[in-house]
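A.B. asks: The sequence and its predicted three-dimensional model are supplied below.
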Amino acid sequence: MSSDPAVRMEHLAKRFGRKRALDDVTLDVQQGSVFAILGPNGAGKSTALRLLLNLERPTSGAAELLGRESRRLTARDLLSIGYVCESQRIPEYMRVREYLAYCREFYPAWQDDDASSLVSTLQLPLDHRIRSLSRGVRAKVALASALAYRPRVLLLDEPFASFDVLVREQVTTSILECVPDTTVILVTHDLSDIETFATHVAYLDEGRLLFVEELETLLGRFRRVQVTFSDPPAPEVLPRRWISPEWSGAVARFVDTAFDSDPHLEQLQERLAPVTNITVEPMSLRSVFVALAGSQSRTSS
């Protein structure tokens, strides 16, 4: 497998009138990774995928897919790229069986065995017309049609939005079976799902890229801390790396965004005031996301 990134964005920006949808974003997505793009609504996540696929033209900067600049993608290039979005339109008059057969003709790499397996795993109703299907089942049909030709890059925009818990598990399993031959980039709000299989995360806020990090490293450096002081200090002396602070008398609660192995008790006593008790707890990805979103909201207000 080549060491070149599967996806590259270089100073990528997009404006819609006065609205800044994406602002000077630079990042690489390595081949074989499962890369989640996170952020609040309107952060620019879906815009980033559309720029990659040349569905939108950038205001400035450039994007590449599999070594080719996005604005120069050819029909041949698209045979190696899969895209599934929440609002994807597929021919409603077709039956599911007909639609899969229709897609099969476009992709030389289509695998009948993979398609049959996906039909079984996702429990697709082959003889039903697409117009009669629920939103969630339509999304499963779109996903099956994208996975069956084993794309080298798979772009997923809110892939879990219409699925219940069981279906999400089935979809996750189907996606994981493609890795590492397929590089997966997904935009989602379902953080509990991606925590089990994403390898990297990027966080966007108001079009700006705040960080790109391996998921394991991210979860390793965030901790929820509660401190009881014998003589509480002024709240404003808390270091900037401690976000989402809450005070209740002599008790302070905050999120440490750069936790390390140094004894926190000694750090707190040196920085603040005598401490009588301290607890440190790991955080889920959802908790990290909420803390970051809240911190950014307070900073911008």
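C.D. replies: Now that the structure is in, tell me what you want to look at. Numbers count the residues shown, from 1 in each chain.

A.B. asks: Is there a neighbour count for R152? I'd like the number.
C.D. replies: R152 is flanked by 19 other residues according to other Cβ atoms under 10 Å. Where C-beta positions appear, they are placed from N, C-alpha and C, glycine not excepted.

A.B. asks: Apart from its chain neighbours, what residue comes closest to it?
C.D. replies: For R152, ignoring the flanking residues on the chain, the nearest one in space by Cβ to Cβ, 6 or more residues apart in numbering is S80 at 4.3 Å.

A.B. asks: Check H200 too.
C.D. replies: According to Cβ to Cβ, 6+ apart, the nearest residue to H200 is F35 (4.7 Å).

A.B. asks: tell me the contacts of the one you found?
C.D. replies: The contact partners of F35, by Cβ atoms under 8 Å, 6 or more residues apart in numbering, come to V7, V29, T183, V184, I185, L186, A198, T199, H200, V201, A202.

A.B. asks: quick one, what contacts the closest residue to the third one other than its chain neighbours?
C.D. replies: Setting aside the residues directly before and after it, T183 is nearest to A6 in space (Cβ to Cβ, 6+ apart), at 4.0 Å. Applying Cβ under 8 Å, 6+ apart, one finds that A6 lies in contact with V29, Q30, Q31, G32, S33, L65, L66, R152, V153, T183.

A.B. asks: So what's the residue count around L53?
C.D. replies: Residues lying near L53 (other Cβ under 10 Å) number 17.

A.B. asks: which one is it nearest to, not counting chain neighbours?
C.D. replies: Once flanking residues are discounted, L53 sits nearest to Y83: 6.0 Å by Cβ to Cβ, 6+ apart.

A.B. asks: Quick check: ChimeraX command selecting the buried ones in the contacts of A6.
C.D. replies: Applying 16 or more other Cβ atoms under 10 Å to the contacts of A6 leaves a buried subset, and the ChimeraX line that selects it is:
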select :29,30,31,33,65,66,152,153,183
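
A.B. asks: can you count the residues close to L133?
C.D. replies: Neighbours of L133 under the rule other Cβ under 10 Å: 18.

A.B. asks: Need the pLDDT of it.
C.D. replies: pLDDT, L133: 92.

A.B. asks: try T74
C.D. replies: Listed pLDDT for T74 reads 93.

A.B. asks: Tell me the spacing between it and R68.
C.D. replies: From T74 across to R68, the span is 8 Å (Cβ to Cβ, to the nearest Å).

A.B. asks: One more: D231?
C.D. replies: For D231 relative to R68 (Cβ to Cβ), the value is 63 Å.

A.B. asks: Show me which of those two is the more surrounded one.
C.D. replies: A side-by-side neighbour count of D231 and R68, using other Cβ under 10 Å, places R68 first with 13 against 10.

A.B. asks: so how far is L51 from that one?
C.D. replies: R68 sits 14 Å away from L51, going by Cβ to Cβ.

A.B. asks: L155 now?
C.D. replies: L155 is 11 Å from L51, by Cβ to Cβ.

A.B. asks: list the contacts for L292?
C.D. replies: Residues near L292 by Cβ under 8 Å, 6+ apart: Y203, L210, I243.

A.B. asks: List the ones among those residues that fall in strands.
C.D. replies: In strands, defined here by DSSP state E, the members of these are Y203, L210, I243.

A.B. asks: where along this protein do the helices fall?
C.D. replies: Taking DSSP state H to define them, one finds helices in the chain at 45-52, 75-78, 96-104, 112-121, 135-147, 165-176, 191-194, 215-221, 264-271, 285-300.

A.B. asks: can you list the ones you listed in TSV and add distance to D256?
C.D. replies: As requested, these are exported to TSV (distance: least, Cβ to Cβ, whole Å):
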stretch	distance to D256
helix 45-52	26
helix 75-78	44
helix 96-104	49
helix 112-121	41
helix 135-147	38
helix 165-176	30
helix 191-194	20
helix 215-221	8
helix 264-271	8
helix 285-300	10
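
A.B. asks: And the pLDDT for the spatially most central residue of the chain?
C.D. replies: When Cα atoms, centre = their mean is applied to the chain, the residue found nearest the centroid is A36 (2.3 Å). Looking at A36, its pLDDT reads 93.

A.B. asks: do you know how far it is from R150?
C.D. replies: Distance from A36 to R150, by Cβ to Cβ: 21 Å.

A.B. asks: in the stretch 151-300 of the chain, what spans have low per-residue confidence?
C.D. replies: Low-confidence segments of the stretch 151-300 of the chain (pLDDT under 70): 193, 232-238, 261-273, 296-300.
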